[in-house]
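[1] Can you look at this prediction? I've put the sequence above it.
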Protein chains: 2
Amino acid sequence: MLFKIPSIERLIHELSRLPGIGEKSAQRLAYFILKNKEDFPEKLSLALQSLRTNVSVCKTCYNYTEITDICEVCDSSSRSRKQICVVEEAFDIAKIEAYGKFRGLYHVLGGSLSPLHGVGPDNLKIKELLKRLEASKTDGNPVEEVILALDADLEGDTTALFIAKQLEGQGIRVSRLAYGIPFGSDIDYIDNRTLGKAFENRVELECHL
Amino acid sequence: MLFKIPSIERLIHELSRLPGIGEKSAQRLAYFILKNKEDFPEKLSLALQSLRTNVSVCKTCYNYTEITDICEVCDSSSRSRKQICVVEEAFDIAKIEAYGKFRGLYHVLGGSLSPLHGVGPDNLKIKELLKRLEASKTDGNPVEEVILALDADLEGDTTALFIAKQLEGQGIRVSRLAYGIPFGSDIDYIDNRTLGKAFENRVELECHL
């Protein structure tokens, strides 16, 4: 571009740092924002400011929380203290909450073990999880099950195995989400590993033999 | 979602107003911004603020301009005043400037004629274009050609025809960008209308008969 408008270029630069937004999309977004200059930039700025000042990390589970030190889930009396669902990112909690059936607590690891990317156990909130489980025993309200809701990839598997190993002999059930065929999918399109797992974990239907 | 964090929800709501960003993408973006809470929200806010306060619309061509009343293109002495390239949106100028060969001025209509969507000639900067052309005659530097670089759809075509009609008998050449096969494309994948136009507008190659 021969003639560039610095403020527009700056916004495009910032927007193109967002995941999945390339230079081209960032341009489109910037010009959309310009077209709605009277109202949108201010609203978005205020939303960003509110995020910065009001949102922090829960001291117990490392989920995000607004204003308070303890997130709403940890603080709620309606949630069971017997189950902790371990997730990689706080984002995953939103997904599980949307599903709406899990009534226990959460623990956010902040990623998954990945020696290739230099992420070891000390970079994740694994120690904090172990401490939390230990503390629950002395509280008289011991955690009975740790559900590992980690991504179904090599890093997720490694992390799940590592945590399971750490919890050996502690009398805590450790489970992970089932692998299988996604609901509504065609067998045709399923990859071999998923199909293999679905066969391994097949469920018997009740019928008279 | 059972437990929602208001500041995050607010940001998701604002982000999902952006074109091409659905609820799901907005969530991803919001959590990315949260992960980079220390630095990104402030930078993006500042960029938005700079956009709001510094960017306005050029009084001559309706392109965006920073701080000044007249945009850099209109203000530049190195641009020819004999050609005006008419575009629908200021965004299109960035594209044409990136191509870099056009050395004339621009005129932003602010859309295209679309009776179905209630966009008539008075909603576009068509009158302003005619005035500008008129003024150029008395300035002693008359515009010789108006190049219509409008979208290749029904609305673009309608707008082009309307403007061409307005300029009849004024001694100004009116052209529009050529229709044809996009560079690097397969004939296989070209739609019939484009192929038809490419046949109509075929160019003779120089060779000895």
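    Cool, got the structure.

[2] What segments of chain A are strands?
    A:55-57, A:64-66, A:83-87, A:105-108, A:145-149, A:173-176 (DSSP state E).

[3] Please enumerate the helices of chain A.
    A:6-15, A:23-35, A:40-54, A:72-75, A:90-99, A:126-138, A:154-166, A:192-200 (DSSP state H).

[4] low-confidence ranges in chain A?
    By pLDDT under 70, the low-scoring segments of chain A are A:1-3, A:209.

[5] per the record, what domains does chain A have?
    A:6-55, A:68-176 (automatic domain parsing).

[6] any chance of the ones you listed in a markdown table, plus distance to residue A:203?
    Any C-beta I mention is one placed from the backbone N, CA and C, and that applies to glycine too. Shown next, in a markdown table, are the domains of chain A (distance: least, Cβ to Cβ, whole Å):
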| stretch | distance to residue A:203 |
| --- | --- |
| domain A:6-55 | 36 |
| domain A:68-176 | 16 |
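
[7] Could I get those domains in TSV, plus columns for distance to residue B:147 and mean neighbour count?
    Below are the domains of chain A laid out as TSV (distance: least, Cβ to Cβ, whole Å; neighbours: other Cβ atoms under 10 Å in any protein chain shown):
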stretch	distance to residue B:147	mean neighbour count
domain A:6-55	21	18
domain A:68-176	48	16
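
[8] could I get those domains as CSV with distance to chain B?
    Putting the domains of chain A into CSV (distance: least, Cβ to the nearest Cβ, whole Å) gives the following:
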stretch, distance to chain B
domain A:6-55, 4
domain A:68-176, 4
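
[9] closest one to residue B:106 among those?
    Among the domains of chain A, domain A:6-55 comes nearest to residue B:106, with 14.6 Å by Cβ to Cβ.

[10] Quick one: end-to-end length of that closest one, please.
    31 Å (Cα to Cα, to the nearest Å).

[11] Also stretch A:184-195?
    With Cα to Cα as the measure, stretch A:184-195 spans 14 Å from end to end.

[12] roughly how far out does that stretch sit from the chain middle?
    Distance of stretch A:184-195 from the chain centroid (Cα atoms, centre = their mean, to the nearest Å) equals 24 Å.

[13] got the contact list for that stretch?
    Contacts with stretch A:184-195, where a contact means Cβ atoms under 8 Å, 6 or more residues apart in numbering or on different chains, come from A:179-181, A:198.

[14] buried subset of the residues you listed?
    A:180, A:198 (16 or more other Cβ atoms under 10 Å in any protein chain shown).

[15] ok, so of the contacts of stretch A:184-195, who is nearest residue B:21?
    For the contacts of stretch A:184-195, the residue nearest residue B:21 by Cβ to Cβ is residue A:181; the value is 30.3 Å.

[16] I figured residue A:88 hits residue A:153, correct?
    No: when contacts are counted by Cβ atoms under 8 Å, residue A:88 is not listed as touching residue A:153 (10.2 Å).

[17] so what sits against both of those two?
    residue A:112.

[18] so what's residue A:205 up against?
    Residue A:205 neighbours (Cβ under 8 Å, 6+ apart): none.

[19] so how far is residue B:182 from it?
    Using Cβ to Cβ, to the nearest Å, residue A:205 is found at 55 Å from residue B:182.

[20] cool, and residue A:173?
    Counting by Cβ to Cβ, the gap from residue A:173 to residue B:182 is 60 Å.

[21] CA-only coordinates of stretch A:32-43, as CSV, when you get a sec.
    In CSV, the C-alpha atoms belonging to stretch A:32-43 read as follows (Å, rounded to 0.1, in the frame of the first residue of the first chain):
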residue,chain,number,x,y,z
PHE,A,32,-15.7,-2.7,9.9
ILE,A,33,-14.7,-1.0,13.2
LEU,A,34,-14.1,2.2,11.3
LYS,A,35,-17.6,2.0,9.7
ASN,A,36,-19.0,1.8,13.2
LYS,A,37,-16.6,4.3,14.7
GLU,A,38,-19.2,6.1,16.7
ASP,A,39,-20.1,3.3,18.9
PHE,A,40,-18.1,0.1,18.5
PRO,A,41,-14.5,1.1,19.4
GLU,A,42,-15.7,2.6,22.7
LYS,A,43,-17.8,-0.4,23.7
